[in-house]
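Participant: My questions are about this predicted structure, shown below with the sequence.
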Amino acid sequence: GQLKLLCQNQTNANSSVQNSLKRIFIASALFASTSLGVFGCTQKQEDVTNKKPLIETLVSAKQSWNGDVYQYPEGQAQISLQRITVPAGFRTPVHTHPQPGVAYVIKGKLECIAKADQTLIAEPGDSFATTFGDVPHYCENISKEEGVVMVTYAGVVDQPVTLPVK
């Protein structure tokens, strides 16, 4: 905001200067500041337009973290994004997911167990492809702080993203 304001205000001059030495000094200073300001503003714009975004693929998967091969459910496609906030020590009930998904851990430490020999530990900054199909599992926030996880599912209209196991 300040650079833009300086660029807009840099051509203001003091028209009431009586002394010729003051006029020469002010004219020189105004010319120098205007020239530097214009180049500075132009340079700033060039720097921004020449920069490219950084795109990082966090998850690209054909199967879940525990080896379930993904398939899309039949029906009208629906994408959902959930922000899940869980208390420290919270454990989900055993459940399944009828559609593929990806998760990103923002806060906390997540332990997901699909079978005794299939355990995933995910910490802040970690991402993973979620379990899929008829694989019962549960997840627990094993940290001492609240957990926050973002999960995106590629499902179908009117189909829940999580099904409890009875």
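Facilitator: That came through fine. Remember, predicted model here, so these are calculated numbers, not experimental data.

Participant: Strands of the chain, start to end?
Facilitator: Secondary structure of the chain (DSSP state E): strands at 77-86, 95-97, 101-107, 110-115, 118-122, 127-129, 133-141, 147-156, 163-164.

Participant: Direction included, what does the first one pair up with?
Facilitator: Going back to what we said before, that points to strand 77-86. strand 147-156 (antiparallel) (DSSP bridges).

Participant: for the fourth one, same thing?
Facilitator: For strand 110-115, the pairing partners within the sheet under DSSP bridges are strand 118-122 (antiparallel), strand 133-141 (antiparallel).

Participant: how far is that strand from where the chain is centred?
Facilitator: 25 Å (Cα atoms, centre = their mean, to the nearest Å).

Participant: what's in contact with it?
Facilitator: For strand 110-115, the external contacting residues (Cβ atoms under 8 Å, 6 or more residues apart in numbering) are 65-66, 119-123, 131, 135-142, 147, 149. To be clear about C-beta, it is placed using only N, CA and C from the backbone, and glycine gets the same treatment.

Participant: Repeat the analysis, applying 7 Å as the threshold.
Facilitator: Outside of strand 110-115, the residues within contact range by Cβ atoms under 7 Å, 6 or more residues apart in numbering are 66, 119-122, 131, 135, 137-142, 147, 149.

Participant: And for the shortest one?
Facilitator: Among residues not part of strand 163-164, those counted as contacts by Cβ under 7 Å, 6+ apart are 93, 95-96, 98.

Participant: pLDDT, neighbour count and distance to residue 80 for those - can I get that in JSON lines?
Facilitator: Shown next, in JSON lines, are those (pLDDT from 0 to 100; neighbours: other Cβ atoms under 10 Å; distance: Cβ to Cβ, whole Å):
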{"residue": "93", "pLDDT": "96", "neighbour count": "9", "distance to residue 80": "20"}
{"residue": "95", "pLDDT": "96", "neighbour count": "17", "distance to residue 80": "16"}
{"residue": "96", "pLDDT": "94", "neighbour count": "16", "distance to residue 80": "16"}
{"residue": "98", "pLDDT": "93", "neighbour count": "16", "distance to residue 80": "13"}
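
Participant: Appreciated, that's everything.
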